[in-house]
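Undergrad: Kindly return the folded structure for what I paste below:
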Amino acid sequence: MTGGRPPATVDREGHTSLLLRGARVVTPPEGTGYLRGAELGGLERVEGVDILVRAGRIAAIEPGIAPPSGCRVVEAEGRTVVPGFVDAHTHACWAGSRLDEWEARLGGAGYSELLAAGGGILSTVRAVRGSSEVGLAAALRVRLGWMLQEGTTAVEVKSGYGLDVEGELKMLRAIRRAAQDWPGRVRATACIGHALDPEASDPVGRTIEEVLPAVNREFPGVTIDAYCEEGAWSVEACVRLFEAARALGHPLRIHADQFNALGMLEEAVRLGARSVDHLEGSTPEGLRVLAGSRSAGVVLPVSGFHLDGRYADARAFVDAGGAAVVATNWNPGSAPSPSIPFALALAVRHCGLTPAEALSAATWNAAQLLDFADAGAVAAGRRADLVLLRHRDERELAHTVGGRPVLAVVCGGRLVESTGP
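TA: Next up, the predicted model:
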């Protein structure tokens, strides 16, 4: 479910190749596996080079490349080129609006309080159940376009607002449909343990006995996710789901420690989850356990910004040797932002990452988490997913807040965004 086949041409004018001339390339180093600990900040920087793109891939990076026949030339003028961003945690497939809920929270209502009253995730569940697959796909397609304008060229999109067999399959099909029309790549995740359906007498049992087998039949091997929190799925329920999913060959991810450290982080590590996401409420010991495991730690600072001012301690996690990933968590309730640059700015200010670490966490490490082996770095032979910044120093990505740092985007070799200086 990746979408985005390499185009035959690089723009609407029919050019067959693209040359970014006079660029400053900043990239995580190519390697194998996650960048951990001190490795995370080890960016490579090369001044004054040209980047030739042909047939959807980077053909060469060197000074003084002569443009071949039929080539589109973009003058970088010393501006910085970084890898296309990889947003490894989003809920970008949804219906309805949560603006009334937002106003209620501005008036003092708590997130858990709203969830218990049938709001929060459950209000979006009702809207999704009332929407068609075609409608969900159309809305997601628009949001993918917004993300592309922000520099995101690969993304994970979760289901989780269906909760029953029909709703979850409808969401996964909508994600697949939208991905086919997007030049970037989409990785779907079945977040079937997102909330407890109040209309079900045994929501956990129904998910394990009905929803999981249906997802397995139509989407074998898709990652299974759940939200472990007070008022949502308990540790015991998540473990039951994950053991059943693992027996069917599904990778695992978990939302844990957003508000309370309930012990799911440690269980996820024991079960070999690919990642533990949120971590705002994690204990120092929990972060050390995660750092010493093979699981990535995904920090979602837009949620802290929008909800309660709490942020994951990514500094302690990275210093302990952890594999950190930064993502937007874009959703209608707790993280209303499609912007990786904004998430990076927050991760540096509030999670303790350096600008270089944050960039690697949202490119190379995020690509590793989603199994996009040719994403996350700028090098000859790799897929041409590139972001040309307005700036000549990549640190401006985290320093400047509220502007448009992206001047142009190359996605699968196609120039998809060019807005002028």
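Undergrad: For the rest of this, base every contact and every neighbour count on C-alpha atoms.
TA: OK.
Undergrad: so where do the helices sit in the stretch 51-200 of the chain?
TA: Counting by DSSP state H, counting those that start in this stretch, the stretch 51-200 of the chain has these helices, from start to end: 99-106, 111-116, 121-129, 133-149, 165-180.
Undergrad: okay, those, which one's buried deepest?
TA: Mean neighbour counts were taken over the helices of the stretch 51-200 of the chain using mean count of other CA atoms under 10 Å, and the top value, a mean of 23, falls to helix 165-180.
Undergrad: same question for that one, mean pLDDT?
TA: Averaged over helix 165-180, pLDDT sits at 98.
Undergrad: same question, stretch 290-306
TA: Per-residue confidence for stretch 290-306 averages out to 98 on the pLDDT scale.
Undergrad: and the end-to-end length of it?
TA: Using CA to CA, to the nearest Å, the gap from the first to the last residue of stretch 290-306 comes to 25 Å.
Undergrad: which parts of that stretch are buried?
TA: In terms of neighbour count (16 or more other CA atoms under 10 Å), stretch 290-306 has its buried residues at 290-305.
Undergrad: And for stretch 18-25?
TA: If you call a residue buried by 16+ other CA under 10 Å, then stretch 18-25 has these buried ones: 18-25.
Undergrad: Would you mind checking which of these is nearest to residue 181?
TA: If you rank the buried residues of stretch 18-25 by distance to residue 181 using CA to CA, residue 18 comes first, at 22.0 Å.
Undergrad: Please name the residues that touch that closest one.
TA: When contacts are counted by CA atoms under 8 Å, 6 or more residues apart in numbering, residue 18 touches 10, 52-54, 71-74, 413.
Undergrad: again, only this time at 10 Å
TA: Residue 18 makes contact with 9-11, 51-56, 58-59, 67-68, 70-74, 410, 413-415, according to CA atoms under 10 Å, 6 or more residues apart in numbering.
Undergrad: and what of residue 235?
TA: Applying CA under 10 Å, 6+ apart as the definition, the contact partners of residue 235 turn out to be 227-229, 241, 256, 262-265, 267-268.
Undergrad: Correct me if wrong: residue 251 contacts residue 221.
TA: Yes - here residue 251 lies in contact with residue 221, judged by CA atoms under 10 Å, at a distance of 6.9 Å.
Undergrad: Neighbour count: these two, which is higher?
TA: When residue 251 is set against residue 221 and neighbours are counted by other CA atoms under 10 Å, the residue ahead is residue 251, at 20 against 16.
Undergrad: quick one: pLDDT of that one?
TA: Value listed for residue 251 in the pLDDT field: 98.
Undergrad: Leaving out sequence neighbours, find the closest residue to it.
TA: The spatial neighbour of residue 251 that comes closest, neighbours along the chain excluded (CA to CA, 6 or more residues apart in numbering), is residue 223 at 4.7 Å.
Undergrad: and the one you found, how far is that from residue 353?
TA: Plainly put, residue 223 is 28 Å away from residue 353 if you go by CA to CA.
Undergrad: Between these two, point out the one with more neighbours.
TA: Neighbours per residue (other CA under 10 Å) separate residue 223 from residue 353, with residue 353 holding more: 26 against 22.
Undergrad: Relative to residue 317, how far out is that one?
TA: Separation of residue 353 from residue 317 (CA to CA) stands at 10 Å.
Undergrad: overlap in contacts of the two?
TA: By the contact definition CA under 10 Å, 6+ apart, residue 353 and residue 317 are jointly contacted by residue 324.
Undergrad: okay if I get the helices of the stretch 51-200 of the chain as a markdown table plus distance to residue 29?
TA: Listed next are the helices of the stretch 51-200 of the chain as a markdown table, based on distance: least, CA to CA, whole Å:
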| stretch | distance to residue 29 |
| --- | --- |
| helix 99-106 | 41 |
| helix 111-116 | 40 |
| helix 121-129 | 39 |
| helix 133-149 | 23 |
| helix 165-180 | 28 |
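Undergrad: Which of the ones you listed comes out lowest on mean pLDDT?
TA: Looking over the helices of the stretch 51-200 of the chain, mean pLDDT reaches its minimum on helix 111-116, with a mean of 71.
Undergrad: before we move on, the earlier item: might one say that the residue nearest to residue 251 is in contact with residue 172?
TA: No - in this structure, residue 223 sits apart from residue 172 without contact. The criterion is CA under 10 Å, and the distance is 11.5 Å.
Undergrad: which neighbours do those two share?
TA: With CA under 10 Å, 6+ apart applied, the overlap between the contact sets of residue 223 and residue 172 consists of 158, 188-191.
Undergrad: any chance of the residues you listed in a markdown table, with neighbour count too?
TA: Formatted as a markdown table, the entries for the shared contacts of residue 223 and residue 172 read as follows, by neighbours: other CA atoms under 10 Å:
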| residue | neighbour count |
| --- | --- |
| 158 | 29 |
| 188 | 26 |
| 189 | 25 |
| 190 | 26 |
| 191 | 27 |
